[in-house]
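> structure of the sequence below:
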Amino acid sequence: MKKPETPPSMEEIQREVLKTERFSAMLEAAPGLLGEGKYLHWDKLRRYKPPGDFTHHEWWFALKLGRMSHYKTIPLQDVWGDPFQYLMTDPIPERLHNIDLSAGGKIQMPEQITNPDMRDRYYVGSLIEEAITSSQLEGAVSTRKVAKEMIRSGRSPRDTSERMILNNFRTMRQIGKLKGKPLTPDLVLEIHRQITDQTLDDPASAGRFRRTDENVVVDDMYGEVYHNPPPAEQLDQRVAAMCDFANGKTPDGFVHPVIRSIILHFWLAYDHPFVDGNGRTARALFYWSMLRHGFWLFEFISISQMLLKAPAKYGRAFLYTETDDNDLTYFILYHLEVIRRAIEGLHKYLKRKAQQLQAVERELRGVSVLNHRQRALVSHALRHPTHRYTIASHRLSHNVVYQTARSDLLDLSDRGLVHQGKIGRTLYFTPVKDLEKVLAGLS
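Here you go, the predicted model:
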């Protein structure tokens, strides 16, 4: 990823403009120089043709004057002590309104999804997706198929990549339980410990802040440094300030909960308090904050899936903020677009699953002797005739106790819908041949 060009200084442009005696004319024209509604960074603006007879420097100067008068500052400061800030520009208010309506209120979903008996199945599936893609963003190389098989079967990870994914899955499940607790430095450390357990070069680095003798930077494979985080001796104070912000103690004015969650994501990533695992921890804190503020739909949304599709844009959103007077608006706009696409993708997925569920109901019409979990397994078996099911995988998929999962599978075996087998001490079940005909007999 190429570093964006740093904007020219306002003082330099002002001196330049004053020499040309165009300062007054430029200020009068400033309202019309807003870049067609786009929130442009200098790196992009310099590639556009300026309006009228203005130069790129004059255009940028006018834009910055307009922005600076409306900035809202937050307690996060950069390494030089300058505050971070953001602007409530369009389309941010509209995006926030849509998230309020679609992720925190009562959404019209297919009955099959809102049914409490079915909800857990989709919940587990979304956690698996987020665990996989968040780990892949940090370099995990396991495929979705293999990772899903590991989690659902309950087998132990075979390598570091699988361990990263399993850690993420377990942590994300824990985040749902932690949403009622305030964020503290100890909780941040515990989340990091869970995420990085047995994945770091130095196992003792899990669950602790980096030390002064540990030089941590954000760079690429060629050694180009993109970010130098604050010194380690400041971390205790900075993380405490981050927790105050996350808990709503600062600042004095109102910060929309979604904006607060996005900034929390950025804050942890900027401070980079750990030797490794900062990105995964930052995204986990974003989820904690969204769930804490009542945006329950985020139990079913994977933002990492969207980030993974264009990781360079993810990184560029950080760099735009750092290179332009700590302007968080770039990161907020990017993150809101990611959220919009994730919610849109979820609704498409739910619509597709609803259609599949309707097809299953038609296939299994009349098979009243099977419960909803058994019907889901049979439906899956019809499309995957060689799949192997275990009590552990069935239990995890439906979030039920061991005995319930065991009874479901043994009942299916008694009815001739699956075969039983053993590998070591593990009991497994596979669909019988001509499952459709057997189902027809049950009908």
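
> Ala147 is in contact with Glu162, correct?
Yes: counting by CB atoms under 8 Å, a contact exists between Glu162 and Ala147, whose distance comes to 6.6 Å. For glycine as for every other residue, the C-beta is placed from the backbone atoms N, C-alpha and C.

> quick check on these two: which one has the bigger neighbour count.
The residue with more neighbours, out of Glu162 and Ala147, is Ala147; 26 against 21, by other CB atoms under 10 Å.

> ramachandran coordinates for that one?
The main-chain torsion angles of Ala147 are listed as degrees, to the nearest 10 and equal phi -60, psi -40.

> ditto for Ser413
Per-residue torsions, Ser413: phi -70, psi -40 (degrees, to the nearest 10).

> do the same with Phe266
The phi and psi torsions at Phe266 (degrees, to the nearest 10) take the values phi -60, psi -40.

> I figured it was touching Tyr330, is that so?
No: contact between Phe266 and Tyr330 fails when scored by CB under 8 Å: they sit 10.1 Å apart.

> shared neighbours of these two, anything?
Both Phe266 and Tyr330 are contacted by Thr321, under the criterion CB atoms under 8 Å, 6 or more residues apart in numbering.

> the domain parsing of the chain - what is it?
Using automatic domain parsing, the domain ranges for the chain come out as 10-69, 81-348, 364-442.

> Pro4: which of the ones you listed is closest?
The stretch from these with the least distance to Pro4 (CB to CB) is domain 10-69; that distance is 3.7 Å.

> in the chain, which spans are strands?
Listed from the start of the chain, the chain has strands (DSSP state E) covering 72-77, 83-86, 218-219, 225-227, 389-390, 418-423, 426-431.

> and Arg283, how far from Ser302?
The span separating Arg283 from Ser302 equals 10 Å under the rule CB to CB, to the nearest Å.

> ok, Lys422 next?
If you measure Lys422 against Ser302 using CB to CB, the figure is 35 Å.

> same question for Pro182.
When Pro182 is compared with Ser302 (using CB to CB), they lie 26 Å apart.

> neighbour count for those two, which is higher?
Just comparing Pro182 and Ser302: by other CB under 10 Å the higher neighbour count belongs to Ser302, 25 against 13.

> contacts only, for the more buried one.
Residues counted as contacts of Ser302 (CB under 8 Å, 6+ apart) are Ser126, Glu129, Glu130, Thr133, Ala342.

> now do the phi/psi pair for it.
Backbone dihedrals for Ser302, given as degrees, to the nearest 10, come out at phi -110, psi 110.

> what pLDDT does it get?
With respect to pLDDT, Ser302 has a value of 89.

> quick check, Phe84 in contact with Tyr330.
No: applying CB under 8 Å, one finds Phe84 not in contact with Tyr330, separated by 11.3 Å.

> pull up the overlap in contacts between the two.
Counting by CB under 8 Å, 6+ apart, the common neighbours of Phe84 and Tyr330 are Thr321.

> neighbours of the closest residue to Thr426 other than its chain neighbours, how many?
For Thr426, the nearest residue in space outside its immediate sequence neighbours is Thr390; the separation is 6.2 Å by CB to CB, 6 or more residues apart in numbering. The local packing of Thr390 (other CB under 10 Å) involves 19 other residues.

> ok, Thr390 - contacts?
Thr390 makes contacts with Ser153, Gly154, Thr426, Leu427, Tyr428, Phe429, as judged by CB under 8 Å, 6+ apart.

> same list (the domains of the chain) but as JSON lines, adding distance to Lys3.
Compiled in JSON lines, the domains of the chain are given as follows (distance: least, CB to CB, whole Å):
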{"stretch": "domain 10-69", "distance to Lys3": "9"}
{"stretch": "domain 81-348", "distance to Lys3": "6"}
{"stretch": "domain 364-442", "distance to Lys3": "44"}
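
> most tightly packed of the ones you listed?
Most buried of the domains of the chain, by mean neighbour count (mean count of other CB atoms under 10 Å): domain 81-348, with a mean of 18.

> the residue most central in space within the chain and Glu130, how far apart?
When the chain is reduced to its mean C-alpha position, the closest residue under CA atoms, centre = their mean turns out to be Ile303, at 3.3 Å. Between Ile303 and Glu130 the distance is 8 Å, computed by CB to CB.

> what touches both of these two?
Contacts common to Ile303 and Glu130, judged by CB under 8 Å, 6+ apart, are absent.

> coming back round to it: the residue nearest to the centre of the chain against Arg283, yeah?
Yes: with contact defined as CB under 8 Å, Ile303 reaches Arg283; the gap is 6.9 Å.

> just to revisit the earlier point, weakest of the strands of the chain by average pLDDT?
The stretch with the lowest mean pLDDT among the strands of the chain is strand 218-219, which comes in at a mean of 74.

> remind me which residues of the stretch 1-150 of the chain are low pLDDT?
Scanning the stretch 1-150 of the chain for pLDDT under 70 picks out 18-19, 21, 25-37, 105-119, 121.

> the stretch 301-443 of the chain now?
Under the criterion pLDDT under 70, the flagged ranges of the stretch 301-443 of the chain are 356-357, 360-361, 366, 443.

> tell me where it has helices.
If you assign secondary structure with DSSP state H, counting those that start in this stretch, the helices in the stretch 301-443 of the chain sit at 303-309, 311-323, 329-363, 372-383, 391-398, 402-414, 435-442.

> and the fourth one, what does it pack against?
Contacting helix 372-383 under the criterion 3 or more CB pairs under 8 Å, 6 or more residues apart in numbering; DSSP states H and E are the following elements: helix 116-137, helix 329-363, helix 391-398, helix 402-414, helix 435-442.

> quick check: chain neighbours aside, which residue is closest to Gln374?
Asp408 (5.4 Å).

> my bad, Arg373
His398 (4.9 Å).

> residues in contact with that neighbour?
His398 sits next to Asp120, Arg121, Arg373, Ala376, Ala405 when contact means CB under 8 Å, 6+ apart.

> state the distance from it to Leu377.
His398 sits 9 Å away from Leu377, going by CB to CB.

> cool, Phe209 as well?
46 Å.

> so what's Phe245 closest to, chain neighbours aside?
Pro75 (5.6 Å).
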